[in-house]
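J.: Predicted structure and sequence below. I'll ask about it afterward.
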Amino acid sequence: MTKTQAVIIGGGATGAGILRDLSMRGVKAVLLEQRDLAHGTSSRFHGLLHSGGRYVVKDPESAAECVAENRILRKIAGQCVEDTEGFFVRLPEDDAAFEQQWLAACRALGLPVAPLAPQEAVRLEPNLTPRIAAAYRVPDAAIDGFRLCWQNAAAAARHGGEVLTYTEAIGIERDGGKVTGVTVRDALSGETRTIPCDLVINAAGSWVGKVAALAGADVHVKPDRGTLVAFNHRFTSRIINRLRPPSDGDIFVPHGSVTILGTTSVAADRPDDTAPRSDEVLKLLRIGQELFTNLADYRILRAFAGTRPLYSAAEGRAASRNFAVIDHRAEGIDGLITVVGGKLTTYRLMAEKAADLACERLGIDAPCRTAGEPLVADPAPGLLAMAKKYFPAGGAELAAARLGDAFGAVVRRLEDDPADRALICECELVTLAEIKEIAARATTHGLSDIRRRTRLGMGTCQGAFCGFRSVAAVCDAGLADKGAAELLRDFLEERWSGIRPVLWGKQLREEELLRGIYGASLNIDGAMHDEGI
Amino acid sequence: MKTCNNNIDACTACASCTALCPVAAVVRDFPGPKMAGPAAERFRKAGAPTDAALAYCTNCKNCDITCPSGVPVAALNMRARAEHVKKHGRRLRDWILAHGEHMAKLAMPGQPLTNLGMANPVTRQMLKAIGISGSRPLPRYAPRTFLRQYGKLRQQPFADKVVFFPGCFINYNAPQVGLDLIAVLQANRHQVIVPPGLACCGVPLVTGGYLEEAAAAAKRNLAALADYARQGIPILTACTSCGLMIKQEYGELFGADGAGEVAARTYDAMEFLLELHDRGRLNTAFTPAGGKYLYHAPCHLRAQGIGRPALELLSVLPGVAVTDLDAGCCGIAGSYGFKADRYDISMAIGQELFAKIKAAPADAVLADCGTCRLQIAHGTGAKVLHPISVIRKAYEPEYKL
Ligand SMILES: Cc1cc2nc3c(=O)[nH]c(=O)nc-3n(C[C@H](O)[C@H](O)[C@H](O)COP(=O)(O)OP(=O)(O)OC[C@H]3O[C@@H](n4cnc5c(N)ncnc54)[C@H](O)[C@@H]3O)c2cc1C
Ligand code: SF4
Ligand code: SF4
């Protein structure tokens, strides 16, 4: 492979942000991701674009970063951000003194908070408990991690940046103390090769310790596990934070068609310790019920977990959320930079600081421009109008936002072939055109890759119906690089991992239907046996 | 109004409702109950606009009947449609059709719109201009309303009382059905009370998107009926849409006070008589009149989940042969089939039913719903009766009123 200036390891928000930043500064850069973009914590998170309100008391520095980045991301990542606003709600049993402390801290930081009469809060969010002692509005918003990663990658590509997914860094090559390249393994073929470069930026989130170790460097990161619960519908249209010292289960985030409740915080052994457990879910429900009295009636779609890349000696939630940019030259490893910690909300700032250092090392004098230019242009009004003919109400706007710069190609497919207008995923309004467009991309290797970019299978049926439809569509169009049964198994198993811990009530009925479809009607086990899988 | 908020969570996306929606079967532009109802509701909750295609839904409730998960699909559609018309405005035509009660009052003798007026070419032209189908005969108003005739009736007093909710169609267009019911109940030693102060049940207001007005009608009717319900006096309807409205939708759509109490005491007329029969209390001194009938079960009867009581009851009549047509929806859906842009859909839905009727000659077709009777008469030319009229006839001449 031809030489590049910088190799970035880790395709989460931070790595994708660095790729965009460096590419905009004219640095030739390649991003490596061991699986698909947003495979790590950048999709296994709460989806909250923090106003800063959560951290003002304990970690004002982090909060200040959130205040600033929140404003920037609304401007540059409009397609990823939904301006829901947020409430901070104190219940009678919560410490009133903390409320005062919180208010003072918000004012000191310039974080705009507006008091809200409890009755008004309930009028605006009728599912909230009426037992409200105090409520405030803050500029919280919802942010989509999948989109953010892909749209950063797409923006970087416009400036020459390159993304290699399913490419795992397995070695950092050095000549004396100087980094000379990264050895990678293709996760699908197993082939290995070395990419020569001048500089390596380790942005591997909870995996930074492992990646640093490839160069013999030491980074102490403690993966801290948090579990989240996704509900089938939006029972709040605003983000609801519990106004008390940050603890488990006190935030609800409306996200597209669903609501997400979280989170927990426990030290994890591994960065990929992401299988959620029923006891965690039950704990979240118990706490969440205090804010939403009818919570137990709402259908849970799935649970999921991610690990926070906490960079600090202290453990768990008390640790600073701040990030660090480490130049390993001090340890005698020239050309390795690690960026660790932070939040998704501050990904751009982290990328900027890491890219500043990278440019300094590369001797490049170019300012950061990521705060000024939007990731993707808004869809042209004509394009949107055209798309509206083919989507159910509201569907065209949703598709435009999730597809970013792929939207134009999808609309052309919709125009050209009436058969492509069929809704394959009826729960999340995904058309055949979209599935074909994403399936045809070089970075797509399975239905889960399509899912992350289109929301296929992320709604009510969790793959029961869209699973077999999309496999048929992908195989029919000759776009599959695996057999139908294998594609299905991978897709359904991935969905199952999130359903298993919440297998009761309405979700259990859905799962039984799914089992009937795949186990009995389609006899998928038999099909796999025949294919020798 | 929070009764059915969470029920979208019960939907498994199985699409059974869409497979059995009579409108989805004939209209390509209608996404069907699953997509228009629970699926769209998830996005409406997320701020998506309502879909104009909701206007195709007839509120026939076959989706609710089909759904294995108890999702109130039709109610979701009606609410969303109300939102839609609130935002995008309504046509004069839709106001008129939703307010049949006002219109009927205007059409009473001596009032500006008499039957003559309605039928004359100028009026027809006018109606056509506002979007009312010219292909369908408008229902004739009876010369004297049911309520007027009821006021003049002298019933035998009995200890057992029932309340009768006549509804607009019986009151203005088919008073004989109400009179037949009273005759049958008298023959069964029941005295019939029609309380003052009843309004239209609200079905046309709901389908027209006037939910607030419908809620007001619900309130008014519940106020007039609640006392009787509390005393344990059964409340009867002889119109399956009025019946469904009172039994189910007052609670489901409006969460109205006292809705549960009244619903628990409300019976379809045939359901009530069948219960008398089951308790051995039905007067079975029928004259063996005989007759060959076809029976159509209205959608709103099937939605009540009480089986087909008329069929069972009629089988008790000596010499009477009844065949269940079992042909789904007739297509008219109240005022729906009167709209010029819905007439063809309405007739297409009814095709199966019409064909079955034409293929099996009989003395009459029986249906418990007034607008079903209009549609069947229009689609087949057959004579169409409420089953109560056949039962009444079987009590003659002994129990002539
Ligand atoms: C439960 C939970 C809730 C959260 N909620 C919020 C929130 O609401 N708002 C907010 O702002 N922040 C939130 N956070 C924090 C935020 O999600 C993370 O800080 C952020 O996503 C980290 O992004 P990243 O790019 O640094 O890491 P990641 O997204 O984890 O990216 C690292 C990537 O590196 C890849 N990788 C690892 N090793 C290799 C290798 N050898 N070769 C190639 N690739 C490799 C991984 O596959 C992974 O995709 C939350 C975190 C958790 C755990
Ligand atoms: S009420 Fe009738 S027309 Fe409307 S969606 Fe249900 S089945 Fe279809
Ligand atoms: S509403 Fe009922 S019948 Fe229709 S898709 Fe959902 S579960 Fe199935």
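T.: Happy to help now that I have it. Numbering: from 1, shown residues only, chains lettered A, B, ... in the order given. Ligands and ions are numbered 1, 2, ... in the order given.

J.: Point out the other helices and strands that whichever strand or helix holds B:Leu147 packs with.
T.: Secondary structure from DSSP states H and E places B:Leu147 in helix B:146-152. For helix B:146-152, the contact count by 3 or more Cβ pairs under 8 Å, 6 or more residues apart in numbering or on different chains; DSSP states H and E identifies helix B:175-187 as packing neighbours. The way it works is simple: take the backbone N, C-alpha and C, and place the C-beta from them, glycine included.

J.: Please list the outside residues in contact with the helix holding B:Leu147.
T.: B:166, B:170-172, B:174-175, B:178-179, B:182, B:194 (Cβ atoms under 8 Å, 6 or more residues apart in numbering or on different chains).

J.: Would you point out the most distant pair within those residues?
T.: B:Tyr172 and B:Ile182 (17.2 Å; Cβ to Cβ).

J.: Show me which residues of chain A are close to chain B?
T.: For chain A, the residues in contact with chain B (Cβ under 8 Å from any Cβ of the partner chain) are A:126, A:232-235, A:237, A:254, A:256-257, A:294, A:297-299, A:392-395, A:397-398, A:423, A:426-427, A:429, A:459-461, A:464-465, A:506, A:509-510, A:513.

J.: Tell me who's in contact with the residue in the stretch 301-401 of chain B positioned nearest to ligand 3.
T.: With Cβ to the nearest ligand atom as the measure, B:Ala303 is the residue of the stretch 301-401 of chain B nearest to ligand 3, at 13.8 Å. Listed by Cβ under 8 Å, 6+ apart, the contact set of B:Ala303 reads B:61-62, B:64-65, B:244, B:248.

J.: Narrow those to those in strands?
T.: Among those, no member falls in strands (DSSP state E).

J.: most surrounded residue in these?
T.: Per-residue neighbour counts (other Cβ atoms under 10 Å in any protein chain shown) across these peak at B:Leu244, which has 29 neighbours.

J.: how about low-confidence regions in the chain?
T.: Let's take chain A. Of all residues in chain A, those with pLDDT under 70 make up the ranges A:1, A:312-321, A:533.

J.: That was the other one, I meant chain B.
T.: Those would be B:1-6, B:106-119, B:398-401, if you go by pLDDT under 70 across chain B.

J.: which stretches of the stretch 1-150 of chain B form helices?
T.: For the stretch 1-150 of chain B, applying DSSP state H, counting those that start in this stretch gives helices covering B:16-19, B:22-26, B:33-34, B:40-45, B:62-66, B:73-88, B:92-98, B:100-107, B:115-119, B:121-129, B:146-152.

J.: List the buried residues for the last one?
T.: If I follow you right, that is helix B:146-152. For helix B:146-152, the neighbour count (16 or more other Cβ atoms under 10 Å in any protein chain shown) marks B:146-147, B:149-150 as buried.

J.: Which one of the residues you listed is nearest to ligand 2?
T.: Looking across the buried residues of helix B:146-152 and measuring by Cβ to the nearest ligand atom, the closest to ligand 2 is B:Phe146, at 28.4 Å.

J.: List just the nearest of the contacts of B:Ala303 to ligand 2.
T.: Using Cβ to the nearest ligand atom, B:Asn62 is the member of these that lies nearest ligand 2, at 3.8 Å.

J.: surely the closest one meets B:Cys21?
T.: Yes. The criterion here is Cβ atoms under 8 Å, and B:Asn62 meets it with B:Cys21 at 5.9 Å.

J.: quick one on the thing from earlier: quickly compare the helices of the stretch 1-150 of chain B and say which is most buried.
T.: By mean neighbour count, with neighbours taken as mean count of other Cβ atoms under 10 Å in any protein chain shown, helix B:33-34 ranks first of the helices of the stretch 1-150 of chain B at a mean of 29.

J.: Domain map for the chain?
T.: You didn't say which chain, so I picked chain A. As given by automatic domain parsing, the domain ranges for chain A are A:4-40+A:146-221+A:321-362, A:82-141+A:222-309, A:381-530.

J.: wrong one, chain B
T.: With domains defined by automatic domain parsing, chain B comprises B:4-88, B:283-395.

J.: Throw those into JSON lines and include distance to ligand 1, thanks.
T.: What follows is those, written out as JSON lines (distance: least, Cβ to the nearest ligand atom, whole Å):
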{"stretch": "domain B:4-88", "distance to ligand 1": "18"}
{"stretch": "domain B:283-395", "distance to ligand 1": "45"}
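
J.: Where does A:Glu168 sit: helix, strand or coil?
T.: Taking DSSP: H, G, I helix; E, B strand; the rest coil as the rule, one finds A:Glu168 in the strand state.

J.: The stretch 251-400 of chain B: helices as residue ranges?
T.: With DSSP H, counting those that start in this stretch as the criterion, the stretch 251-400 of chain B has helices spanning B:259-265, B:269-278, B:299-302, B:309-314, B:343-359, B:370-380, B:387-395.

J.: Ligand 3: which of the domains of chain A is closest?
T.: domain A:381-530 (8.4 Å).

J.: So is the closest one next to ligand 3?
T.: No. Remark: domain A:381-530 sits outside contact range of ligand 3, by Cβ under 6 Å from any ligand atom, the gap being at least 8.4 Å.

J.: Which residue is the nearest non-sequential neighbour of A:Gly457?
T.: The shortest distance from A:Gly457 to any non-neighbouring residue, by Cβ to Cβ, 6 or more residues apart in numbering or on different chains, is to A:Gly463 (4.1 Å).

J.: Return the distance of the one you found relative to B:Ala19.
T.: Between A:Gly463 and B:Ala19 the computed distance is 21 Å (Cβ to Cβ, to the nearest Å).

J.: ok, how many other residues are close to the closest residue to B:Leu385 other than its chain neighbours?
T.: Counting by Cβ to Cβ, 6+ apart, B:Leu385 lies nearest to B:Ala364, which is 5.0 Å off, once chain neighbours are set aside. Other residues near B:Ala364 come to 18 when the count uses other Cβ under 10 Å.

J.: Check A:Ala305 too.
T.: 24.

J.: That one belongs to a strand, doesn't it?
T.: Yes. Judged by three-state DSSP, A:Ala305 forms part of a strand.

J.: A:Ala485 is in what secondary structure piece?
T.: Taking DSSP H and E as the definition, A:Ala485 sits inside helix A:484-499.

J.: Quick check: buried residues in whatever helix or strand comes next after that helix?
T.: Next helix or strand after helix A:484-499 toward the C-terminus (DSSP H and E): helix A:505-515. By neighbour count on 16+ other Cβ under 10 Å, the buried set for helix A:505-515 is A:506-507, A:509-511, A:513-514.

J.: Kindly calculate the angle that helix A:505-515 makes with helix A:484-499.
T.: On the basis of axes from the mean of the first three to the mean of the last three Cα atoms, to 10 degrees, helix A:505-515 is oriented at 170 degrees to helix A:484-499.

J.: Please settle this for me: is A:Arg225 part of a strand?
T.: Yes. A:Arg225: assigned to a strand according to three-state DSSP.
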